[in-house]
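Visitor: okay, structure incoming, though there's no sequence with it:
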């Protein structure tokens, strides 16, 4: 069985004419992505060594092993890159990898199931949990703050949330 992997970046296309790629890093420190190599495609069929060549607007320019031409780099546009979880640093007790939160059951403070985390979004003001529940017309969006999400129990596979009151 393949080792568990976490998405750490994506290829946004070619950069220049000599096989460099435009790399979007999802790491707290963008340049750290190179230290987690080899990076794998989602299906695990290809892996790449990574050497950051420079910081560019909206990302990094990088050389990937096995990518020598602009055409090869452009063909990788949109490919997400995954690192072996064992290569990632351990986090403090109050921090979580997004991959650990997706799929967890969300309950309110009374124990009523609100749904499951489908995605985590961040538009600049902090993380937002997208919680999906069958029968609900729209996803429940919860700010991922200690006030709204006081408990994350990875072992039990659940999140306790105290959502703000909805206006009727």
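Guide: Happy to help now that I have it. Note that the coordinates shown come from a computational prediction; the quantities given were computed from them, not determined experimentally.

Visitor: what's the longest helix in the chain?
Guide: helix 70-75 (DSSP state H).

Visitor: buried sites along it?
Guide: Neighbour counts over helix 70-75 (16 or more other C-beta atoms under 10 Å) mark 70, 73-74 as buried. C-beta here means a position set from N, CA and C on the backbone, and glycine is covered the same way.

Visitor: got JSON lines for these, with pLDDT too?
Guide: JSON lines is the format used below for these (pLDDT from 0 to 100):
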{"residue": "70", "pLDDT": "96"}
{"residue": "73", "pLDDT": "96"}
{"residue": "74", "pLDDT": "96"}
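
Visitor: between those, which is nearest residue 50?
Guide: Distance to residue 50 across these (C-beta to C-beta) is lowest for residue 73, with 12.9 Å.

Visitor: list the contacts for residue 158?
Guide: Listed by C-beta atoms under 8 Å, 6 or more residues apart in numbering, the contact partners of residue 158 are 104-107.

Visitor: ok, and the closest non-adjacent residue to it?
Guide: residue 105 (4.7 Å; C-beta to C-beta, 6 or more residues apart in numbering).

Visitor: and that neighbour, bridged to which residues?
Guide: residue 116, residue 158 (DSSP bridges).

Visitor: surely it and residue 112 touch.
Guide: No. Contact criterion C-beta atoms under 8 Å: residue 105 and residue 112 do not qualify, at 11.1 Å.

Visitor: with neighbour numbers in mind, choose between the two.
Guide: residue 105 (15 against 8; other C-beta atoms under 10 Å).

Visitor: what's the spacing between the more buried one and residue 145?
Guide: Noted for residue 105: a distance of 19 Å to residue 145, by C-beta to C-beta, to the nearest Å.
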